[in-house]
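Peer 1: Sequence and predicted structure below; questions after.
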Amino acid sequence: MSKAPSPMSWRRGDNIAGRPWRGRVRDYDLFKELVIGVVVVGLLVVGLSAVFSSPDDPGVTLKSWATVAPSDFIATATAELGGTSDTAAYGQPYSATPDATQKLGFIDLQALSGVRIPIDTANDFVLTPLKTLPTPPPALAIWSAATAQEQTKWTTDYATALAAVTNGDPAQVAPGDYGPVPALTGALLTMAGSGNLDGVLQSGGQPYNLNYTPTILFLGDGTYFAGLADAAHLTGDQWGVMNETGNTPGQSWLWLFSLSYQIPPFNSSPNADILVVAVMVGLSLLLTLLPFIPGLRSVPRKIPVYRLIWKDYYRNR
Amino acid sequence: MSTVKEPTPATDPDVAGTSAHTWTGKSRGWFLNHLPPDKLLPEDQPSYVASWAYVLGMGAVAGLVFVIASGFVLALNGPQWYHVSSFGHFVNSMHLWSVELFFMFLVVHLWIKFWMAAWRGGRILTWITGMVSFLVSVVTAFTGYLLQTNFDSQWIAFQAKDALNAVGVGAWFNVANVGQIFMWHIALLPLAVGAVVALRVLLVRAHGVVPPLDAAETDTQLRETTPPKLARGRINHE
């Protein structure tokens, strides 16, 4: 004799939930409900669009960055040249930097994915764009002829000197042996200020290119881009994942994802992203498979919200 | 040489009581058995299907209609259009607000289905497709935010790359590659959302609406309310 399934089970048993309904019925017009739904929601959509519109803050360009925050641009270009920027040290999929990836215990999916979008920040962000100028700066030849040791010393010393002066102003940097670095970063600043660098960096030498990865990464290595995001309450510690510019609601359905980044252990973990994603995947699976889990699937019976939903039914019973 | 086969009572699938012998005929039989026309397009529902809670699912479907319609207009004109056209900006606003309403209806609908324990009585796939439709919709909406081609999309691309790279999918789902994300947003993911939502609607029709918890076998014990449908002889004898 087979055991009858629990009333909260997903299995189709010989009970009222598993059998066709034999009681009274009420009129129901599926198409009429659909039409009414479309009309009502349509009015809401048009009304909300007319009243609240939608935000469209213009994007940031390398030109605007170079114009508004030249010191930050120079400091970032120096870090790209020296291979010390966030992108240069990121790891997969941009580089093979050792021990840079996020891990879930012993699982390292980031490293497993490989260097699929290789980026050499010195060449891709600084040197190659400068070579496209009608008159490339002579400092390029000096840089190319130098040893890796010399290049590292020049960029390190120049980055230290920039950090030592007010607002990182290159004009106030103490005299020193920085090799061709000031000339290279200065030439890149001029190139960016003219708007030329945006096109060169984004196009990658191709007439068609919709891939903005180099531009986004270069922008993100500086502080100007993040500062704008902070002012627009979009950064991670401002629950930015679910925000939109202005007062328009953003992806509010990501509230739990955003919340996870604010609390321990995620908010201080170097593996925060992989941990949060793992927790979200786990919770999504738990909710999807909840009907298979005894105890959890009985929660709706223990907290009788269903009596509110079927209020008429229980009132008339 | 072809021959004409005369239908016989034993081979003609249209003859009552016989089974179909082709894949097509067997498929038709399966569909008619699981989803007969009166279940697919019903004119009545059990008496307990009388609550505002049932409106939300239809609200989500209606929201999706406007998401697709406004997205279609935006796609035809390209991702830059709404920056330079006031009508385009309005269509973009409709796309945004229909997405907001779609999610609002969908999330409340799914929570209500949880409190109804709507997976009971063999409705497990209905529950699972509901959850999958939510999760796929989240990814689809996310790609839409990346296609705004403005400051917000630039920043979202910069921030979101870390989570995607950390799980090893950043090269195939490169949030800074507008061409790649465009394909995800207007081709691959809408197909997934449409298929899952359509499957869910068919499953709801096939299995019927889950009865209240602790419902009696019939509702003949319910007090008469006006106007009583029973008086019109509307008793379902499935």
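Peer 2: Now that the structure is in, tell me what you want to look at. Numbering: from 1, shown residues only, chains lettered A, B, ... in the order given.
Peer 1: what sits up against stretch A:195-213?
Peer 2: A:61-63, A:66, A:117, A:119, A:124-125, A:129, A:132-133, A:188, A:191-192, A:214-215, A:218, B:154, B:157, B:174, B:176-180, B:182 (CB atoms under 8 Å, 6 or more residues apart in numbering or on different chains). Where you see a C-beta, it was placed from the backbone N, CA and C, and this is true even at glycine.
Peer 1: Give me the mean pLDDT for stretch B:126-141.
Peer 2: Stretch B:126-141 shows a mean pLDDT of 95.
Peer 1: just how off-centre is it within its chain?
Peer 2: 9 Å (CA atoms, centre = their mean, to the nearest Å).
Peer 1: cool, stretch A:21-33 as well?
Peer 2: For stretch A:21-33 - counting by CA atoms, centre = their mean - the centre lies 46 Å from the chain centre.
Peer 1: and the end-to-end length of it?
Peer 2: 22 Å (CA to CA, to the nearest Å).
Peer 1: Return the set of buried residues in that stretch.
Peer 2: A:21-25, A:28, A:33 (16 or more other CB atoms under 10 Å in any protein chain shown).
Peer 1: cool, and stretch B:41-58?
Peer 2: B:42, B:44-51, B:53-58.
Peer 1: What of stretch A:13-21?
Peer 2: So, applying 16+ other CB under 10 Å, buried residues of stretch A:13-21: A:13, A:15-18, A:21.
Peer 1: ok, those vs chain B, which is closest?
Peer 2: Closest approach between the buried residues of stretch A:13-21 and chain B, by CB to the nearest CB: A:Ala17, at 3.0 Å.
Peer 1: Could you measure from the closest residue to that closest one other than its chain neighbours over to B:Ala53?
Peer 2: Closest residue to A:Ala17 apart from its sequence neighbours, by CB to CB, 6 or more residues apart in numbering or on different chains: B:Gly121 at 3.0 Å. To B:Ala53, B:Gly121 is 18 Å away according to CB to CB, to the nearest Å.
Peer 1: now do A:Gln206
Peer 2: Where B:Ala53 is concerned, A:Gln206 sits at a distance of 54 Å (CB to CB).
Peer 1: which stretches of the stretch 101-250 of chain A form helices?
Peer 2: A:109-113, A:121, A:128-131, A:139-145, A:148-164, A:181-193, A:196-203, A:213-221, A:224-231 (DSSP state H, counting those that start in this stretch).
Peer 1: Quick check, pLDDT for A:Gln206.
Peer 2: Reported pLDDT for A:Gln206: 80.
Peer 1: same check, this time on A:Ala111
Peer 2: Per the predicted model, pLDDT is 95 at A:Ala111.
Peer 1: What pLDDT is listed against the spatially most central residue of chain A?
Peer 2: Residue closest to the mean C-alpha point of chain A, counted by CA atoms, centre = their mean, is A:Val241 at 7.7 Å. Looking at A:Val241, its pLDDT stands at 82.
Peer 1: Okay, the nearest residue to it once chain neighbours are set aside and A:Ala77: tell me how far apart.
Peer 2: Sequence neighbours aside, A:Ser258 is the residue nearest to A:Val241 in space, at 4.2 Å (criterion: CB to CB, 6+ apart). Separation of A:Ser258 from A:Ala77 (CB to CB) stands at 32 Å.
Peer 1: any weak-confidence spans in chain A?
Peer 2: A:1-5 (pLDDT under 70).
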